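Colleague: Here is my input, please return the structure:
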Amino acid sequence: MHLLAMLLQEQTQPNPEQAMKIAMAIIPFFGLFMLIGLAVVIIPCWFICKKAGFSPWLSLINIIPLGNLVLLYVLAFAEWKVMPLPPVAYPPPYPPPPQPPFPRA
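Modeller: Numbers count the residues shown, from 1 in each chain. Below you'll find the model as predicted:
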């Protein structure tokens, strides 16, 4: 019990200058992680918008908070401007085989 009291009593506060240096070293990594996260979201949305017939620049709405939800609803409920593929010209089916003659009674 005395050991616990002694450990709790000897808590030292971190040096404010050292904490400031550590924070300043970590801040650039937040920007890098944010850029990587945006790229992970914006690049697929860019291709989805392009394939759906919308402007690919619409994918940049993901930068705005809750913009990805807005883009999701736009893509879900808008009329897509994509032309359907023309039907493929299949060769004509083979004619059915000739039927055997009816037996005469």
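Colleague: So in the protein, which helix runs the longest?
Modeller: Ordering each helix of the chain by length in residues (DSSP state H) puts helix 16-52 first.
Colleague: what's the average pLDDT for that one?
Modeller: On average, the pLDDT along helix 16-52 is 89.
Colleague: Please export the C-alpha coordinates of the helix or strand following that helix as PDB.
Modeller: Using DSSP states H and E, the helix or strand that follows helix 16-52 in sequence is helix 67-77. Taking C-alpha atoms only, helix 67-77 is exported to PDB below (Å, rounded to 0.1, in the frame of the first residue of the first chain):
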ATOM      1  CA  GLY A  67     -20.000  15.700 -48.700                       C
ATOM      2  CA  ASN A  68     -19.500  12.100 -49.400                       C
ATOM      3  CA  LEU A  69     -23.100  11.500 -48.100                       C
ATOM      4  CA  VAL A  70     -24.400  14.100 -50.500                       C
ATOM      5  CA  LEU A  71     -22.400  12.600 -53.400                       C
ATOM      6  CA  LEU A  72     -23.800   9.100 -52.500                       C
ATOM      7  CA  TYR A  73     -27.400  10.400 -52.700                       C
ATOM      8  CA  VAL A  74     -26.700  12.300 -56.000                       C
ATOM      9  CA  LEU A  75     -25.300   9.100 -57.600                       C
ATOM     10  CA  ALA A  76     -28.100   7.000 -56.200                       C
ATOM     11  CA  PHE A  77     -31.100   9.100 -57.300                       C
END
